[in-house]
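1. The amino acid sequence is not available; the structure is as follows:
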């Protein structure tokens with residue numbers, strides 16, 4: 001799916017890695033791609049290509065995807081665990097967007113618990129670890145740039161997984177925590193082939209008109225009621241097997257991420273433009289996939305829970321104890 005060329009952008013939008021190499025080769029976007037995982041005793045953690053979904057051997061068509069930088073490292077622990085215990089036959093992909101050594105230690109402890117859960121369920125699910133190669137991307141796509149680089153790193157990493165797994169990709173932001181709303185969201189998703197929940201803001205509040213005009217000009221958006229709610233990118237579902245999702249939504253979304261004039265507008269911050277979710281919402285509206293304007297089914301989203309020992313991690317550990325008879329503790333996860 002990464003085959004169409006970049007055609008239009010600001011004249012000064014340059015790339016540190018030649019664009020055709022960055023866009024067409026997975027290995028340029030991740031550090032140590034396909035190199036054996038750094039911890040020899042954890043050979044079950046893979047770093048290269050994701051094996052495509054195979055209905056004859058895979059018990060779940062849903063792949064669970066997570067990502068975090070250092071500021072969300074503790075949150076992603078309970079996020080991963082709360083979903084793995086509910087989807088024990090789903091493969092897991094984690095994207096490291098900039099973890100510090102202690103954060104990586106928390107993550108490794110989480111991987112060990114995930115592996116124990118899978119052993120209990122006799123699951124053959126795989127675990128993939130990717131390290132985002134920031135040095136390959138231009139300055140305007142960096143997380144510390146204005147508006148966090150347009151959050152371009154999210155659609156880019158999701159599109160890479162989507163193209164390889166070739167079935168359902170479920171993305172969760174690091175602060176998400178499984179709730180009974182997730183199965184409800186899946187019901188809507190199975191009908192539409194793509195799903196994001198309703199956001200608090202409308203298009204006119206936080207989607208910049210320059211981005212809208214760019215998408216309109218190139219045929220990826222159409223006139224509509226700009227006062228309706230847009231979608232929220234904290235929890236997203238995409239089905240590769242759905243043609244509209246694959247060709248009309250995911251492809252222009254990731255191409256937009258690589259095009260500064262489309263997503264990462266010069267001089268515009270997120271007070272006026274929520275880039276990755278705004279663009280995705282516009283593209284979905286253009287394809288009549290607008291359930292997000294009224295439906296808000298999504299996981300719990302925690303905000304800065306106090307300390308490492310909080311109700312979310314305790315809840316995830318209790319679910320693991322009840323469902324898998326594994327007695328992991330807060331100390332198990334955060335002893336580093």
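-> Arrived safely. Please read these numbers as outputs of a predicted model, since none were measured by experiment.
2. what mean pLDDT does the lengthiest helix in the chain have?
-> Under DSSP state H, the helix in the chain containing the largest number of residues is helix 101-121. The pLDDT scores in helix 101-121 average 97.
3. Just the buried residues of that helix, please?
-> 103-115, 117-118, 121 (16 or more other C-beta atoms under 10 Å). (C-beta placed from N, C-alpha, C; glycine too.)
4. Show me the two of these that sit farthest apart.
-> 103 and 121 (27.2 Å; C-beta to C-beta).
5. that older thread, quick one: contacts of the longest helix of the chain?
-> The contact list for helix 101-121 (C-beta atoms under 8 Å, 6 or more residues apart in numbering) reads 39, 42, 44-45, 68, 70, 73-74, 76-77, 80-81, 84-85, 88-89, 92, 94, 96, 99, 123-125, 127, 129, 320, 324-326, 328, 332-336.
6. the inter-axis angle of the next helix or strand after that helix versus helix 101-121?
-> Counting by DSSP states H and E, the next helix or strand C-terminal to helix 101-121 is strand 127-131. Angle of strand 127-131 versus helix 101-121, following axes from the mean of the first three to the mean of the last three C-alpha atoms, to 10 degrees, is 160 degrees.
7. same for the helix or strand following strand 127-131, what does it pack against?
-> With elements assigned by DSSP H and E, the helix or strand that comes after strand 127-131 is helix 153-165. For helix 153-165, the packing partners by 3 or more C-beta pairs under 8 Å, 6 or more residues apart in numbering; DSSP states H and E come out as strand 62-68, strand 168-172, strand 235-239, helix 251-257, helix 275-286.
8. Parallel or antiparallel, which strands does the third one pair with?
-> For strand 235-239, the paired strands and their directions (DSSP bridges) read strand 168-172 (antiparallel), strand 194-195 (antiparallel).
9. Would you point to the one among the ones you listed that's packed deepest?
-> The highest average neighbour count among these, using mean count of other C-beta atoms under 10 Å, belongs to strand 194-195 at a mean of 26.
10. Residue 65 pairs with what?
-> Beta-bridge partners, per DSSP bridges, of residue 65: residue 93, residue 171.
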